[in-house]
Structure formats: structure tokens, C-alpha cells
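**Q** structure for this input, please:
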Amino acid sequence: MSLLFSPHFTSLLNSRKYSVCFNKRITKFGCFDVKMRVNSASVDSAAIVWYKHDLRIDDHPGVVAASKHRTVVPLYVCDHRILSRFSDEMLEFLIISLKDLRKSLKEQGSNLMIRFGNAESIIIELAGEVKATSIYVEEEVEYDLLKMVDILKDGFAKLSSREACRRVETWRAPLYDVENLMDLPGSFHDFKKLKRPILPPLSSSKLPGPVMDLHWGELPMVDDLKNLCKRSGNPRVKWLSVREVSEMEAQQNNAASVAAMASLDKVTENNFVDVMYKSDKRKVIRNTTFVTEKGNFVGGGTDLVLNALAGYLRYLEGTPRDDWQEVHQKLREAESREGASFGALFGPALHIGIISRRRVYSEALKYEKERNGGFLSPFGYSAVTVSASVNTVCSMEWYWILALKDQSSTGGHLTYRIWRWNGHIIHYTVAGNSGPAILLVHGFGAFLEHYRDNINQLAQDGNRVWAITLPGFGKSEKPNIVYTELMWAEVLKDFIVEVVREEVHLVGNSIGGYFISLVAGLWPVLAQSVVLLNTAGNIIPGYSVRPSFKAKKTSVAARLGARLLLLYLRLNIKSIVKSCYPSKPDRADDWLVKEMLRASHDPGGIVLLESIFSFDLSIPLNYLLRGFDGRVLVIQGMKDPLSDSKSKSAMFREHCQGIVIRELDAGHCPHDEQPDEVNYIIHNWILALEDKEEG
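**A** Alright, predicted model coming up:
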């Protein structure tokens, strides 16, 4: 992909084609001989490499560029705004990764500086201390990190110095060689037709050591990082405990089924079956690559991850090596569906940058050639582990491209932002500067834009409005995982905790209505009220069974059914969507149909459809919303072709105390079919609740 440089860098490495990107907001990508010109002043100057999610020296364009300076200070800042998003295991994982990165840098004669606090302030202060003229930082798409980088750019440019130029240089290591980001098609189906070349990884580059004495700082402990977040004064800190405790409560009845799922006793090549190892008993491995106490994923540094990757790729061959046998055992446990084990085991290492996506791709293809006498077959990969590795990193790259395109585009009435959930890219938007907080949640097959005529109008009425595209839908990432109702509810819970940071009025359409009901039922402290738009879910009088969330795995029948369903939907999508808009069929316009079709071609789309065959809506709405008397509004389109609206309204009235129902001349999507009327109802509903609370 991209190659845009500021014009003052010198040559790097050799004449091989690499991709390193430097600009303010990357829109162009390309590949050419890497020749970065550095003037004499820059050669004699100092630079800072700000590590965030790129904890490696292998295939690191920022390190390669910085190596041309007289002195370089590699820096990691323990900033609560970044760390508060991590689980305890991820914090442990991070510390181990920082330890290995420091060790690797020391072997070069350099070091890794550790600081605590506000990243922008610390970097600007350090830049003044070492008289740095350049700061190298990986390009971001996540909204909060983009803000941090922009503040750093402004502050660094204003730093008084004799130097004529101070620059924050952003870089990335793209997988595809693409000339111009904005010329790329929005459909992965069309993108594949371009057959863009894959860019090889860069070799490691040695950084010069500092020419002055510096305080490098000590590696923290997990408790140090947790206490840092608590002491920060961050308004979301009080919500973090809600997140942790509630997850344990929601899953306390799930331990037995999860343990059962982790043991897969029969294996075939199509679903990573092992014919050599029949025991599920784990050996104690001295040099384990599963470095955290829970041992859920691979880590410990680039070399260890590469070794684990080698073992993973060679799963079908078997091995006498204890470390690779451990990888194989973990693979079996993590293979909840075909190919899911790669993301489960290596996803965290990719997320914090211990290894790059194109290094994974390179290693996978190298092994595939070994299996095939130096050739690659045009008919697919010979090892399912190779397929899982390649598909995962290519999928991750595609969603990164979509995120960059959305942030680089201009026009339109929505401003897109990116949030990461468990490392996955999630799209959202926000409108309004004051007033009550509203979170809009779409239905199955839809996306945040389905609220195209609700977001801004509700904001203009005096509300702050968030709309999210859930993982698996729209332009949000579609990871290879088993999708469940609880998982989507947890995404919404984490979004409220980390992004909205206060109680919200939850609004959900169709299956999105069931998701917000789960949030309200499991984490009631997060919800001020619930608005259900032709919601999925049932009402069961007298239901009092304690909910139990069972782990699921994908069946062969579900995989086949999903493929048949996908074909049917693509052939009939226009008529299906129009049937949901009986009063105003023109609202089911070409844009809506086209965007639904586009999303169906995204990598991972078929995985989402498989979830339909295992949906479990057995916990009724009246049970989930039992503590929300007077705070539940049902907006029901009475011409819904997907359900009996009259019967549902009657059940709500009879069995849900204090519920308010508004019946509309609309179908399954009243918010999009009758936006003005729905906006009016929601605004007045929230206004009445707020007035009642104040009174």
C-alpha cells in the first residue's frame, strides 16, 4: 500500500521495494525503491521512536527511518487512556512484550525508555531534553489515538529550538501495494479483482545508541498499570469495575460448557483435526510461548511468536518438539470454528505489534512453498493452517483500509470514528454537544447508517447521539469468531464504558432491540431507558429461570446453511428489503441495498451468517426488562412482515408493567421508514423522563 514520504529522508537498506508511509493523513499508497533523503542537519540530530502498538524492531519502517539519525530514543509511554482499555491479561502480556523489546534494543546498543503519564506532554518534554527534530509514530485510525497524535504534532511544532524544522512522521507497514487509497473500490469482491501485489517485510535495522545519559525507567508490574488508571482521574474509571464484575456475573454459569467446548476429541484436516495426538493433557513446557498466567495466546517477543507461528503452520505434520506440541494443543482448544484458532492465539500479538501482518503473510507463504516444491497452487493452499493465517491478516488489512478511507473521505452528513474492541476495528459516529446520551443500535444485516435520518435530527433536538456498527456488520471488522447474543451485548457494554462514559438511553431495532435488552438486564446501571423498534425476542409470562449463557460451536449444517442463505440473500436482497418498508417502499433505496450487498462480500461475512443458525433468544424480554418499569418504550411498526405486530403489542401490554407503546403505520424498520415521527416520539420520551428525574 502506501508510500508517501516527507522529502528529507535518505536511502534505506537496498533497492528492494518496500512500503513506508509518512504524511499527515495517508490517502496515497504505492511501492517504489525506498529512497528517503535526509539533509545534513537531520543526520546529526536526534529522533524519538514512539512505540504504541508496534512493539518490535522487525519490519518496522519507523525504526528503519529513525536509524539515520545521530541518536535515537525508543520510548513507550504508560498512558492510562491506552491502558484502561486492556484486560488484566493483556496488561500482563504488554509488560512481557515490553521486556522483550527492551532486551532486543539493548542487544543493538540501544534501550527502551519507559515513562508514565500523558504521552503528548512526556514526548514533547523529552524532545526538548534530547533536542529531537523528528518523532516517528505509527499511523492510527482509532479516534482517541488520532487525537493524541494530532496534539503531539501541534505541540512539537511549537517547541522552541534552533532547528528550522520539527516533524512528527507517521508510518505504516501496508500489506498491499496500492497507488491511491481513495481509488480503491469499497467492495472486497472488487478489490480482489485488482490483484494488487503483496509487499515483503523489511529487515531489522540497528538503532544508534544515545550520546547522552538518560533515565530509562523501570518496567512496571500489572498492579502498577492498574493503579495508574485508577489514579488518573479518568471519568470512565468507575465504569471499569462495572465491566469486570458484570462479565464475571454474566458468565458464571458458563464455565462447564466452555470447558467442554475446549476439548475436541475427533479431528479431520478440514477442521484442524490431529491424527497424531489423542491426549488433551497439557505438558509443562519450560520455554512456553504462552507467557501470561492464563496462557490464552502467543507472546513473549518477535522471535518467540515466529517460532510459535512455525509450529502452528506445521500442525498437520506433527512434531516431537514440546513447544510446538503445546501450540498444537492450544490450536485444538481454540478451534471453535474452522480457522478461528489463528486469530485467537496470534490476534493479541498482532494487535500490539509484536509481529506485523506482512511478516505473518511472508512466513505462511514461505511454508506453503516448502510443501509444494517451491510453487504456489492457483487452487488454494495445501495446509489449512496456512489458509487460516493468510485469511486472517488479509482480512485485518482490508478493514484497516476501510477505516482509512472513511477517515480520509469528505462530504456526507456523518463523521466516522474508529474504536477497537478486543483489537477489532469498530465504526461509530457521534453527533451533538449537550443533552441526554442516546445510543442507536442497528438490526441484523444493517449498520449505523441505517439511522441516517435519525442521528443528526435527534442531536439537533438537544441530545448527544452515538450510533455504532457492531462487529460482523457494515464496515466494522468481521473476525473469525463464533458470534453470540452475549458477545454483541458485551460489545455494547464496553462501548458505553469506554466511549460514551455515562448512562445512556438505549435504542435498538430488530435483533438490536434484543441486544440492548440484554445490556439493560445484565448491566442495568448503564441504561437510563430502553426504546425497542420492532424488537426481536419473546415474552413469556411468569418466566423466572436464571439465565445461562452456553458456549457454542459451529456445526457442518450451519456452515452449509450459511452459504445457501448468502446466495439466496444476494439474489433477493432488493425485494426482501422493500418488503420491510410497506408504507414507503422508496425508502428502501439503491444506496441501502448496495451497502448491504457490499458488506456481504467482506471477508468474514459468511461467518456472521452461520450465527443465525445458533441464535438463542430464549431469555424473554419481560425478564430482561423487569427492573425498568416506566422506562421502556416500544415503537411498533404494525405492518411488519417478519412478525405479528398486533400479537406482540398485546403481549407487551399484558405482561410488561409500566411499558409505553406507540404503534405506527410502518414495517420492520420504522426509524428509517418514518424517521420524522420516530424522532419526535423518542425526543419527547427522553424529555419526559429527564423532566421526571429532575422533578
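**Q** least confident secondary structure element in this protein?
**A** For the chain, using mean pLDDT, DSSP states H and E, the weakest element among its helices and strands is strand 32-33, scoring a mean of 30.
**Q** what about the strands in the stretch 1-150 of the chain?
**A** Listed in chain order, the strands of the stretch 1-150 of the chain (DSSP state E, counting those that start in this stretch) span 17-18, 32-33, 46-51, 71-78, 113-116, 132-138.
**Q** I'd like those as CSV, with distance to Val390 and mean neighbour count appended.
**A** Backbone N, C-alpha and C define where each C-beta goes, glycine included. Formatted as CSV, these follow (distance: least, C-beta to C-beta, whole Å; neighbours: other C-beta atoms under 10 Å):
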stretch, distance to Val390, mean neighbour count
strand 17-18, 20, 18
strand 32-33, 25, 12
strand 46-51, 27, 26
strand 71-78, 30, 24
strand 113-116, 35, 18
strand 132-138, 23, 25
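**Q** low-confidence stretches in the stretch 1-150 of the chain?
**A** 1-43 (pLDDT under 70).
**Q** again, but for the chain
**A** For the chain (pLDDT under 70), the answer is 1-43, 160-164, 231-287, 409-412, 547-554, 695.
**Q** residue nearest the centroid of it?
**A** Nearest residue to the geometric centre of the chain (C-alpha atoms, centre = their mean): His424, 1.4 Å.
**Q** helix, strand or coil for the closest residue to it other than its chain neighbours?
**A** Once flanking residues are discounted, His424 sits nearest to Glu477: 4.2 Å by C-beta to C-beta, 6 or more residues apart in numbering. Three-state call for Glu477 (DSSP: H, G, I helix; E, B strand; the rest coil): coil.
**Q** ok, Glu477 touching Trp400?
**A** No. Here Glu477 does not reach Trp400: they are 9.1 Å apart, not a contact under C-beta atoms under 8 Å.
**Q** common neighbours of the two, please.
**A** Taking C-beta atoms under 8 Å, 6 or more residues apart in numbering as the contact rule, Glu477 and Trp400 both touch Ile425.
**Q** now the residue nearest to His424: how far from Ile151?
**A** The gap separating Glu477 from Ile151 is 27 Å, by C-beta to C-beta, to the nearest Å.
**Q** all strands for the stretch 551-695 of the chain, in order.
**A** Assigned by DSSP E, counting those that start in this stretch, the strands in the stretch 551-695 of the chain fall at 632-637, 660-664.
**Q** now do the shortest one against strand 632-637, angle only.
**A** Interaxial angle of strand 660-664 relative to strand 632-637 (axes from the mean of the first three to the mean of the last three C-alpha atoms, to 10 degrees): 10 degrees.
**Q** neighbours around the nearest residue to Tyr367 once chain neighbours are set aside, how many?
**A** Nearest residue to Tyr367, sequence neighbours excluded (C-beta to C-beta, 6+ apart): Leu313, at 4.6 Å. Other residues lying near Leu313 total 25 when counted by other C-beta atoms under 10 Å.
**Q** I'd assumed Ser387 was in contact with Leu313.
**A** No. Counting by C-beta under 8 Å, Ser387 is not a contact partner of Leu313; they are 10.4 Å apart.
**Q** returning to what we had before: rebuild the strands of the stretch 1-150 of the chain as CSV, extending it with distance to Gly432.
**A** Formatted as CSV, these follow (distance: least, C-beta to C-beta, whole Å):
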stretch, distance to Gly432
strand 17-18, 44
strand 32-33, 45
strand 46-51, 33
strand 71-78, 32
strand 113-116, 34
strand 132-138, 31
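**Q** between the ones you listed, which one is nearest to Ile619?
**A** Proximity to Ile619, assessed across the strands of the stretch 1-150 of the chain by C-beta to C-beta, is greatest for strand 71-78 (40.1 Å).
**Q** which other helices and strands contact the closest one?
**A** In terms of contacts (3 or more C-beta pairs under 8 Å, 6 or more residues apart in numbering; DSSP states H and E), strand 71-78 is packed against strand 46-51, helix 88-107, strand 113-116, helix 119-130, helix 222-231.
**Q** contacts for the third one, please.
**A** Contacts of strand 113-116 from elsewhere in the structure, counted by C-beta under 8 Å, 6+ apart, are 73-78, 98, 122, 126, 214-220, 228.
**Q** pick the most deeply packed of the strands of the stretch 551-695 of the chain.
**A** Mean neighbour count (mean count of other C-beta atoms under 10 Å) peaks for strand 632-637 among these, with a mean of 24.
**Q** before we move on, back to that, which one's more surrounded, Glu477 and Trp400?
**A** Taking other C-beta under 10 Å, Glu477 and Trp400 do not tie; Glu477 has more neighbours (26 against 20).
**Q** roughly how far apart are the more buried one and Gly513?
**A** Counting by C-beta to C-beta - Glu477 and Gly513 are separated by 23 Å.
**Q** just the endpoints, please. Distance across stretch 432-449?
**A** 16 Å (C-alpha to C-alpha, to the nearest Å).
**Q** how about the strands in the stretch 301-450 of the chain?
**A** Assigned by DSSP E, counting those that start in this stretch, the stretch 301-450 of the chain shows strands spanning 416-421, 424-431, 437-441.
**Q** out of these, nearest to Arg358?
**A** Between Arg358 and those, the shortest separation by C-beta to C-beta is 17.6 Å, and it involves strand 424-431.
**Q** wasn't Val507 part of a strand?
**A** Yes. Assessed with three-state DSSP, Val507 lies in a strand.
**Q** over to the nearest residue to it once chain neighbours are set aside: give its phi and psi.
**A** In space, and not counting its chain neighbours, Val507 is closest to Val531: 4.3 Å by C-beta to C-beta, 6+ apart. Per-residue torsions, Val531: phi -120, psi 120 (degrees, to the nearest 10).
**Q** so how many other residues sit close to Val531?
**A** Neighbour count of Val531, defined by other C-beta under 10 Å: 28.
**Q** what's in contact with stretch 135-142?
**A** 21, 26, 47-50, 52-54, 62-63, 65-66, 123, 127, 146, 149, 152, 156, 167-172, 353, 400, 403-404, 407, 418-420, 425.
**Q** wait, what's in contact with the residue nearest to the centre of the chain?
**A** 399, 471, 476-477, 479.
**Q** what would these look like in a markdown table with distance to Glu485?
**A** Below are the contacts of His424 laid out as a markdown table (distance: C-beta to C-beta, whole Å):
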| residue | distance to Glu485 |
| --- | --- |
| Tyr399 | 23 |
| Pro471 | 13 |
| Ser476 | 17 |
| Glu477 | 19 |
| Pro479 | 17 |
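**Q** any chance you could map the helices in the stretch 251-400 of the chain?
**A** Under the criterion DSSP state H, counting those that start in this stretch, the stretch 251-400 of the chain contains helices at 255-261, 302-313, 322-334, 340-351, 357-371, 384-408.
**Q** fine by me, thanks again.
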